[in-house]
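Visitor: This is a predicted model, with the sequence first.
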Amino acid sequence: MATISKKGLMTIPSEVRRKYGLKEGDKVRIIDQGGSLLLIPLMDIKALYGLGREHKEELLTMIRELEAEHDEEAEL
């Protein structure tokens, strides 16, 4: 549970911050889902560096397949 302050600020409970690794200065996106709000933690683009390293060959294969599909569609 959280309470909205007069200035529109909200404190995210510590157990939720720990679970999702949220810390001061992190950004979140709030999405209106028609009666519900989703709070999505945003990752810094630098945190993504090297993320798929263990799947490098598989990712490269998929990229090549997508490029081939794109080229085929462009010829039509």
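Guide: Good, I have the coordinates. Numbers count the residues shown, from 1 in each chain.
Visitor: centroid residue for this protein?
Guide: residue 42 (5.0 Å; CA atoms, centre = their mean).
Visitor: Just confirm that one contacts residue 25, I think it does.
Guide: No - taking contacts as CB atoms under 8 Å, residue 42 lies outside contact range of residue 25: 11.4 Å. Bear in mind the C-beta positions are built from the backbone N, C-alpha and C, glycine included.
Visitor: Can you point out the buried residues in the longest helix along the chain?
Guide: Among the elements of type helix in the chain, defined by DSSP state H, the one spanning the most residues is helix 56-75. When neighbours are counted by 16 or more other CB atoms under 10 Å, no buried residue of helix 56-75 is found.
Visitor: Strands of the protein, start to end?
Guide: If you assign secondary structure with DSSP state E, the strands in the chain sit at 28-32, 37-41.
Visitor: low-scoring pLDDT stretches of the protein, where are they?
Guide: Applying pLDDT under 70 to the chain flags no residue at all.
Visitor: coming back round to it: can you list contacts of the longest helix of the chain?
Guide: Helix 56-75 is touched from outside by residue 52, with contacts defined as CB atoms under 8 Å, 6 or more residues apart in numbering.
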